[in-house]
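[1] turn this into a structure:
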Amino acid sequence: MNKSEPRISQEIAPDVFALAAELYAKENQYYSLSELMQAGAEVQIPPELIQQALQQLKAKQIQAQERKKKLKLILTSGIGGAALALCGFGIYNTLASNFTLAKRNPEAKLEKAQIQPNRPIAFPPQPHPKADETTFTGQVQQYLLNPEGKVDGVLLSNGLQVKFPPHMGDSLVAMIAPGAGVSVTGTPGISTRFGQEVKAKSITNSQTNQTLVKQPPAVPPQPPLQGNYSNLSVEGTPQQWLVGRRGEINGVILSSGAQVKFPPHVGKQLVSLAFGGNRVQAEGFGTSNSYGQVLQATGLTVNGQSVSFDPPNPNSPPVNNLN
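    Sure, this is the predicted structure:
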């Protein structure tokens with residue numbers, strides 16, 4: 001024991017530990033974007049939606065700060081009440097004038113409306129009609145994996161990407177192996193020249209007639225642990241594009257067999273750069289196991305040219321899917 005070292009009394013030692021724990025909690029209450037993506041991957045939240053939600057929250061925070069600044073400016077200048085009173089008085093005079101005009105001449109309201117400049121009418125977005133269940137057949141080419149390395153579907157030799165809940169991956173592997181013929185019943189996504197996703201309701205092994213039916217998990221899925229992932233780097237030429245429900249490109253299978261996942265706005269860039277024998281290099285976090293290698297990309301290059309991961313501007317016009 002070093003007697004020259006300052007001593008802490010027994011009375012304040014518990015307070016020191018309590019305050020230290022509070023400071024530690026404050027320092028560790030923030031998450032990186034990759035950690036949020038890892039947590040979302042387990043509950044099947046696409047990485048692009050994580051990025052979109054983060055961007056929208058930042059925009060709301062900026063708008064809230066701007067509103068506070070404007071309100072403070074109005075209050076400190078002493079014109080807040082006067083401005084509201086003048087505005088109310090003006091609105092009252094306008095309404096009273098229009099009411100009088102309409103009462104005297106009912107057609108005046110229509111004439112006045114006709115000289116207003118044309119403005120686009122905003123209609124709320126309509127939901128896509130629910131696709132009917134369809135039966136597909138094909139031969140299993142390989143298992144599809146989520147970033148945690150769990151089997152969440154199969155790729156058929158005809159290009160169909162059959163998706164199944166990852167909590168049923170072990171049952172799927174036990175019933176169906178690569179090379180087996182299958183019959184799939186499910187709801188298809190949009191068909192594109194890059195592929196088509198099918199949300200399977202049931203999968204039947206054509207040789208054994210065994211059928212696996214989609215079931216909800218018995219217990220809520222747990223967030224993935226940091227130890228479930230490792231930093232990975234893969235490369236190869238594109239062999240099969242992976243698509244989502246709307247036909248958006250959200251991944252690629254390379255010639256090395258590695259499955260690389262990324263947001264759709266990255267897929268739009270990558271598909272325009274990667275042709276034929278072009279070399280794609282990807283780095284990110286993921287898993288290697290007996291079923292293959294998969295990673296959620298955080299960086300991509302094509303023949304040495306970097307692909308931007310910056311999220312798209314929400315104010316820019318939407319880009320049509322690459323059908």
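[2] average pLDDT for the helix ranked longest in the chain, rounded please.
    For the chain, the helix reaching the highest residue count under DSSP state H is reported as helix 47-77. For helix 47-77, the mean pLDDT works out to 71.
[3] same check, this time on stretch 198-218
    Mean pLDDT, taken over the full extent of stretch 198-218, equals 95.
[4] same check on stretch 264-276?
    pLDDT averaged over stretch 264-276 gives 82.
[5] in that stretch, what counts as buried?
    Buried positions in stretch 264-276, judged by neighbour count with 16 or more other Cβ atoms under 10 Å: 264-267, 269-270, 274. Placement of C-beta: from N, CA and C, glycine included.
[6] for the stretch 51-200 of the chain, give me the ranges with low pLDDT.
    The stretch 51-200 of the chain contains residues with pLDDT under 70 at 70-131.
[7] picking that back up, between the buried residues of stretch 264-276, which sits nearest Ser306?
    Relative to Ser306, the closest of those is Gln269; by Cβ to Cβ it sits at 10.0 Å.
[8] ok now do the nearest residue to that closest one once chain neighbours are set aside, which residues does it touch?
    Ranked by Cβ to Cβ, 6 or more residues apart in numbering and with sequence neighbours excluded, the top spatial neighbour of Gln269 is Val307, at 5.2 Å. The contact partners of Val307, taken as Cβ atoms under 8 Å, 6 or more residues apart in numbering, are 266, 269-270, 273, 300-301.
[9] mind putting the residues you listed into CSV with secondary structure and distance to Asn289?
    Shown next, in CSV, are the contacts of Val307 (DSSP: H, G, I helix; E, B strand; the rest coil; distance: Cβ to Cβ, whole Å):
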residue, secondary structure, distance to Asn289
Val266, helix, 25
Gln269, helix, 29
Leu270, helix, 25
Leu273, helix, 30
Leu300, strand, 23
Thr301, strand, 25
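[10] turn those residues into JSON lines, including distance to Lys60.
    Formatted as JSON lines, these follow (distance: Cβ to Cβ, whole Å):
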{"residue": "Val266", "distance to Lys60": "25"}
{"residue": "Gln269", "distance to Lys60": "27"}
{"residue": "Leu270", "distance to Lys60": "30"}
{"residue": "Leu273", "distance to Lys60": "34"}
{"residue": "Leu300", "distance to Lys60": "30"}
{"residue": "Thr301", "distance to Lys60": "34"}
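[11] now do the helices in the protein.
    Ranges of helices within the chain are 13-27, 33-42, 47-77, 80-104, 106-114, 169-175, 264-273, based on DSSP H.
[12] now do the buried residues in the third one.
    It stands for helix 47-77. Neighbour-count burial for helix 47-77, with 16+ other Cβ under 10 Å as criterion, is recorded at 47-48, 50-52.
[13] Leu145: which of these is nearest?
    Distance to Leu145, by Cβ to Cβ, is smallest for Pro47 among the buried residues of helix 47-77, at 14.9 Å.
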